[in-house]
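Participant: Curious how this folds, go ahead:
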Amino acid sequence: MLIKVYGSAVFGVEATTITVEVNVTSGIGYHLVGLPDNAVKESSYRITAALQNNGYKFPGKKIIINMAPADLRKEGSAYDLTFAMGILAASEQIKAEEISQYLIMGELSLDGSLQPIKGALPIAIQAKKEGYKGFILPEQNAREAAIVSGLEVYGVNSITQVIDFFDKNQPLTRTEINTRETFYNNLDHFEYDFADVKGQESIKRCMEIAAAGGHNIILIGPPGAGKTMLAKRLPSILPPMTLQEALETTKIHSVAGRIKDNVGLLAQRPFRSPHHTISDVALVGGGAYPQPGEISLSHNGVLFLDELPEFKRGVLEVMRQPLEDREVTISRAKFTVTYPSSFMLVASMNPSPGGYFNDPDAPVSSSAYEMQRYMSKISGPLLDRIDIHIEVTPVPFEKLSDDRKGEGSIEIRKRVTAAREIQSVRFEASETIHYNAQMGPKQIREHCNLDTESKALLKTAMEKLNLSARAYDRILKVSRTIADLEESPNILGRHLTEAIQYRSLDREGWLG
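Facilitator: Got it, this is the predicted structure:
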């Protein structure tokens with residue numbers, strides 16, 4: 001008997017429906033075709049044990065399973081439940097008249113219980129597009145799939161629940177969530193808050209400017225100055241995610257299997273902090289069957305690279321193009337996958353190998369030559385993509401022991417959001433530019449006009465501080481953001497003066 005059941009394969013952040021044709025006839029043998037990988041081929045052992053342990057049998061007949069389209073590579077263990085239900089229906093051990101109306105996915109344990117799968121959200125989106133009545137999957141992924149309205153989502157714990165649903169018409173509990181309500185209720189829940197930061201007012205101001213304009217930022221300071229602590233709090237002052245951004249972010253994390261059990265839509269902007277031993281493939285994505293890397297998992301959020309010079313130079317260099325294009329394309333012989341990667345880069349570093357430079361009281365000192373050699377590990381083209389350089393100094397005891405709380409993230413976020421709204425109006429005619437950090441030379445000329453006095457100020461600053469040519473555009477973009485925070489239509493002298501302070505690494509004595 002021939003039965004058709006339906007599963008799905010995920011490529012990039014999109015899903016493709018897979019038709020699983022199960023034919024059980026007289027004879028002996030088990031044949032699985034349609035470009036399955038090893039994990040799919042091993043499913044027969046899991047299915048056999050799961051059926052036997054739940055009172056059913058694996059048919060001692062000739063079983064042919066075809067996964068169509070047959071020229072598309074299938075990978076992973078999520079087809080176990082699909083195969084098992086197809087085999088039971090084709091061998092007439094159960095009645096399953098409506099099985100073709102549902103998408104069925106899940107990894108089987110030997111006792112028949114189900115393990116979570118990857119990519120539940122893009123699979124659910126595709127299932128709704130193609131008009132399936134429902135989606136049956138492990139309970140751990142149910143809330144994730146239930147984000148998609150108009151599709152019946154059933155989370156199950158074991159294969160017996162699915163069998164009873166089709167064979168005995170025993171109802172399954174439908175998973176339903178109010179996506180908008182859940183999303184908006186979680187927008188202002190922060191793990192880290194700027195109210196907990198003691199002192200560092202100038203650095204908090206700098207982080208606010210970076211968030212308002214979407215500028216990449218590098219923090220330079222000795223160990224213990226608070227670089228990591230400040231970076232972790234940056235997502236809390238970024239504008240709240242829109243529903244569309246939340247959906248994009250959740251899809252990427254779903255494909256990578258990074259969503260925690262029973263979690264639906266991600267409402268907080270991601271913060272990723274990979275270790276400096278990371279490989280280039282792990283950072284930008286890839287592998288034989290390309291998976292999203294850290295830059296894609298940071299999409300719509302923050303990528304924090306702590307101790308930037310300690311990263312392998314080749315790893316940092318592969319990040320240059322995604323920083324410009326806001327997406328990364330991974331090509332293989334038979335297919336190409338594109339993952340979005342629009343993120344804010346926050347980097348930190350010590351000013352010298354020992355961590356202290358030009359500090360007479362430092363426990364470890366480094367010479368100017370050692371410091372230059374250390375700083376040269378970061379390439380000029382990568383620094384070109386970082387708009388703000390700021391020096392972080394240790395907090396004195398008086399401020400550390402002060403019990404008063406600083407300004408909280410919610411208040412700072414209101415100013416950042418207002419500045420972003422000004423930029424949204426400014427760039428509403430552009431499809432690729434949404435905030436100041438994305439401006440190119442054309443937009444800088446159009447939106448960053450300076451009067452005669454301001455031009456003279458910038459000229460003097462660049463000559464006296466020996467600022468490099470690459471600093472010119474960055475200063476103008478940051479000045480435009482500072483003006484937006486003040487709701488000023490024009491860039492004024494004080495905006496330029498503040499922006500010039502944020503180019504530490506361009507000055508003579510740093511990179512030369």
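
Participant: Looking at the record's assignment, how would you partition the protein?
Facilitator: Listed by automatic domain parsing, the domain ranges of the chain are 2-177, 185-506.

Participant: Pick out the shakiest of those, pLDDT-wise.
Facilitator: Averaged per stretch, pLDDT over these is lowest on domain 185-506, reaching a mean of 87.

Participant: coming back round to it: I'd like the domains of the chain as TSV, with mean neighbour count appended.
Facilitator: Yep, even glycine has a C-beta here, placed from its N, CA and C like the rest. Shown next, in TSV, are those (neighbours: other C-beta atoms under 10 Å):
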stretch	mean neighbour count
domain 2-177	19
domain 185-506	18
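
Participant: what sits against the closest residue in space to residue 176 that isn't next to it in sequence?
Facilitator: Nearest residue to residue 176, sequence neighbours excluded (C-beta to C-beta, 6 or more residues apart in numbering): residue 146, at 6.1 Å. With contacts defined as C-beta atoms under 8 Å, 6 or more residues apart in numbering, the neighbours of residue 146 are 124, 153, 175, 176, 177, 264.

Participant: Would you mind putting those residues into CSV with secondary structure and distance to residue 328 alongside?
Facilitator: Formatted as CSV, these follow (DSSP: H, G, I helix; E, B strand; the rest coil; distance: C-beta to C-beta, whole Å):
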residue, secondary structure, distance to residue 328
124, helix, 25
153, strand, 31
175, coil, 33
176, coil, 35
177, coil, 31
264, coil, 26
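
Participant: Could you single out the nearest of the residues you listed to residue 339?
Facilitator: Closest approach between these and residue 339, by C-beta to C-beta: residue 124, at 19.2 Å.

Participant: quick one, what contacts that closest one?
Facilitator: Contacts for residue 124 (C-beta under 8 Å, 6+ apart) come out as 135, 144, 145, 146, 147, 148, 151, 153.

Participant: which helices and strands does the helix or strand containing residue 315 pack with?
Facilitator: Under the criterion of DSSP states H and E, residue 315 resides in helix 313-317. Under the contact definition 3 or more C-beta pairs under 8 Å, 6 or more residues apart in numbering; DSSP states H and E, helix 313-317 sits against helix 280-284, helix 380-384.

Participant: re the thing from before, which pair of the contacts of residue 146 spans the longest distance?
Facilitator: 124 and 176 (13.0 Å).

Participant: how about the strands in the stretch 101-250 of the chain?
Facilitator: Using DSSP state E, counting those that start in this stretch, the strands of the stretch 101-250 of the chain run over 102-104, 107-108, 114-115, 134-138, 152-156, 217-220.

Participant: should've said the stretch 301-450 of the chain
Facilitator: 302-305, 327-331, 336-340, 344-349, 388-391.

Participant: Take the ones you listed and write them to a markdown table, including distance to residue 320.
Facilitator: Compiled in a markdown table, the strands of the stretch 301-450 of the chain are given as follows (distance: least, C-beta to C-beta, whole Å):
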| stretch | distance to residue 320 |
| --- | --- |
| strand 302-305 | 13 |
| strand 327-331 | 11 |
| strand 336-340 | 16 |
| strand 344-349 | 11 |
| strand 388-391 | 18 |
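
Participant: nearest to residue 50, of those strands?
Facilitator: strand 336-340 (32.2 Å).

Participant: between the closest one and strand 327-331, how many degrees?
Facilitator: Taking axes from the mean of the first three to the mean of the last three C-alpha atoms, to 10 degrees, strand 336-340 and strand 327-331 form an angle of 160 degrees between their directions.

Participant: which strands and helices sit next to strand 336-340?
Facilitator: On a contact count with 3+ C-beta pairs under 8 Å, 6+ apart, strand 336-340 meets helix 243-255, strand 327-331.

Participant: what would these look like in CSV with distance to residue 53?
Facilitator: Converted to CSV, these look like this (distance: least, C-beta to C-beta, whole Å):
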stretch, distance to residue 53
helix 243-255, 30
strand 327-331, 40
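
Participant: circling back: so which of the strands of the stretch 301-450 of the chain comes closest to residue 103?
Facilitator: Across the strands of the stretch 301-450 of the chain, closest to residue 103 is strand 336-340 (C-beta to C-beta), at 22.0 Å.

Participant: quick one: the nearest residue to residue 52 once chain neighbours are set aside from residue 66, how far?
Facilitator: Excluding the flanking residues, the one nearest residue 52 by C-beta to C-beta, 6+ apart is residue 58, at 7.0 Å. Distance of residue 58 to residue 66, computed by C-beta to C-beta, to the nearest Å: 18 Å.

Participant: Quick one: the strands of the stretch 101-250 of the chain as a markdown table, columns for distance to residue 39 too.
Facilitator: Converted to a markdown table, the strands of the stretch 101-250 of the chain look like this (distance: least, C-beta to C-beta, whole Å):
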| stretch | distance to residue 39 |
| --- | --- |
| strand 102-104 | 17 |
| strand 107-108 | 9 |
| strand 114-115 | 12 |
| strand 134-138 | 16 |
| strand 152-156 | 21 |
| strand 217-220 | 42 |
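
Participant: Which stretch among the ones you listed approaches residue 28 most closely?
Facilitator: Residue 28 sits nearest to strand 107-108 of all the strands of the stretch 101-250 of the chain, at 23.2 Å, using C-beta to C-beta.

Participant: what does the closest one contact?
Facilitator: Taking C-beta under 8 Å, 6+ apart as the rule, strand 107-108 contacts 43, 46-47, 50, 76-78, 80-81, 84, 114-117, 138, 159.

Participant: Which ones among the residues you listed map onto helices?
Facilitator: 43, 46, 47, 50, 80, 81, 84, 159 (DSSP state H).

Participant: which residues touch the longest strand seen in the chain?
Facilitator: For the chain, the strand with the greatest residue count under DSSP state E is strand 14-25. Applying C-beta under 8 Å, 6+ apart, the contact partners of strand 14-25 are 1-10, 59, 61-69, 72, 74, 79, 82-83, 86-87, 89-91, 103, 119, 122-123, 125-127, 130.
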